[in-house]
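Enquirer: below are the sequence and a predicted model for it; my questions follow.
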Amino acid sequence: MRVAWLATVTLAVVAFAGSFWTVVAQGTRTGGDGVYTAAQAARGKATFDMQCRACHGATLGGGLGPPLSGAAFLSVWDRSSVGDLVDKIQHTMPQNNPGLLSREQATDIVAHVLNVNGFRAGAAELKADDSVKQIALAAPGAATTPPALPAAGARTLANARPEANLAQLMRGILFPSSNVIFNVQNTDPGEQKVGWQPGTTDFSWVNWGAGIYPGWELVDYAAMAIIESAPLLVMPGRRCENGRPVPVDRADWIDFTNQMAEAGRVAYKASQSRNRDAVIEATSVIADACLNCHDRYRDKPGGTDADPSNKVARGF
Ligand code: HEC
Ligand code: HEC
């Protein structure tokens, strides 16, 4: 599901000189409108100093955690809404004790973050409701839509040699990662499940270490693994299981790969909201993304029991 707020967004962030930023209306609101108040930012700062400063620094410059100010921060968040940032903070921070903050507290902290980043304060508070999903958190001049695909011919990666064949890559990264996300359909990642631990007898290659990271984090990492594996799928020189080259320079191959990465982003966002239903919804986006490419490039008609997808015929 494409993120709906992009289409309905009414506010955009525009730069004035240097580091001075402000949230400006496109349509109903006028330039210079602040979306939070100074008093709200002060409340947010008080909570930040207690719960966040140890890892993100007094001036939000970063420490154990990443910076929450400046270009390094805004370039990560400039395609998100203010509401996404409230979600991230409320549901996943403080990293060592998530779930501590009320929606109001997380919203106040975002006011503080906006303030430190030079966004102008205004007369009305940032509300602790869904209206914040309509406010873009964009860097000056940044597009609110993802960048266009590179032109054909520019679609290459230079300096690493592929070692795995495509099927190994699929089985090693995409298969387990997708399964972690699909398993959210049957199992609540918020439930504490203890996997195999040293000293117990029920060893399983797959479950080994399963108790080390909590369930929701495993879902985060699986979504990230899907996103990050996209460049590997278009790496020149990789071969399929059958020895034929992966068609990395075909436009539709790259489009399918981008679609898969986008599905991973949908899953990551859902997982970061710590909302099981949202992740369950994202599983169908992932399934479709895998299926679309498999229909075209993997599963050939005329399979046999021994070779059901007819990989012998895979020549693209
Ligand atoms: C124990 C250390 C720790 C504490 C305390 C902590 N964080 Fe974090 N924070 C991290 C780490 C590590 C990351 C990077 C991993 C991630 O994005 O989840 C992070 C990421 C973030 C991000 C995303 C930054 C980005 O570049 O995407 C935000 C926003 C954030 N924290 C806000 C907060 C707020 C607000 C608090 C207090 C309520 C807080 N954090 C408390 C460690 C911490
Ligand atoms: C851009 C195209 C593309 C995308 C996207 C893609 N696959 Fe594949 N997949 C293939 C091709 C082609 C093969 C056959 C590989 C070979 O022949 O070496 C394959 C093979 C596989 C296999 C091995 C099947 C077997 O024979 O054992 C698995 C598992 C797999 N994919 C899982 C996934 C999952 C899960 C996703 C989505 C997260 C995905 N793939 C996304 C093209 C794709």
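Expert: On my side now, so go ahead. Ligands and ions are numbered 1, 2, ... in the order given.
Enquirer: ok, now how distant is the residue nearest to residue 63 when sequence neighbours are not counted from residue 66?
Expert: Closest residue to residue 63 apart from its sequence neighbours, by Cβ to Cβ, 6 or more residues apart in numbering: residue 57 at 4.7 Å. Backbone N, C-alpha and C define where each C-beta goes, glycine included. Distance, residue 57 to residue 66, by Cβ to Cβ, to the nearest Å: 10 Å.
Enquirer: cool, and residue 290?
Expert: 31 Å.
Enquirer: those two: who's more crowded?
Expert: residue 290 (19 against 13; other Cβ atoms under 10 Å).
Enquirer: give me the number of residues near the residue lying closest to residue 309 once chain neighbours are set aside?
Expert: Excluding its sequence neighbours, the residue lying closest to residue 309 (Cβ to Cβ, 6+ apart) is residue 299, at 4.7 Å. Using other Cβ under 10 Å, residue 299 has 16 neighbouring residues.
Enquirer: with residue 259 instead?
Expert: Neighbour count for residue 259, taken as other Cβ under 10 Å: 17.
Enquirer: make sure it is actually in contact with residue 290.
Expert: No. Assessed by Cβ atoms under 8 Å, residue 259 is found out of contact with residue 290, at 9.5 Å.
Enquirer: SS state for the residue in the stretch 101-250 of the chain that ligand 1 sits nearest to?
Expert: Proximity of the stretch 101-250 of the chain to ligand 1 (Cβ to the nearest ligand atom) peaks at residue 109, 4.6 Å away. For residue 109, the assignment made with DSSP: H, G, I helix; E, B strand; the rest coil gives helix.
Enquirer: that one: what's it in contact with?
Expert: Residue 109 sits next to 44, 47, 48, 52, 89, 101 when contact means Cβ atoms under 8 Å, 6 or more residues apart in numbering.
Enquirer: tell me which parts of the stretch 101-250 of the chain are close to ligand 2?
Expert: Contact residues, the stretch 101-250 of the chain versus ligand 2 (Cβ under 6 Å from any ligand atom): 165-167, 170-171, 174-175, 178, 226, 233, 240-242.
Enquirer: are any of those buried, and if so which?
Expert: Among these, those scoring as buried are 165, 166, 167, 170, 174, 178, 226, 233, 240 (criterion: 16 or more other Cβ atoms under 10 Å).
Enquirer: does the third one count as helix, strand or coil?
Expert: So the one you mean is residue 167. helix.
Enquirer: could you measure from it over to residue 235?
Expert: Distance of residue 167 to residue 235, given as Cβ to Cβ: 15 Å.
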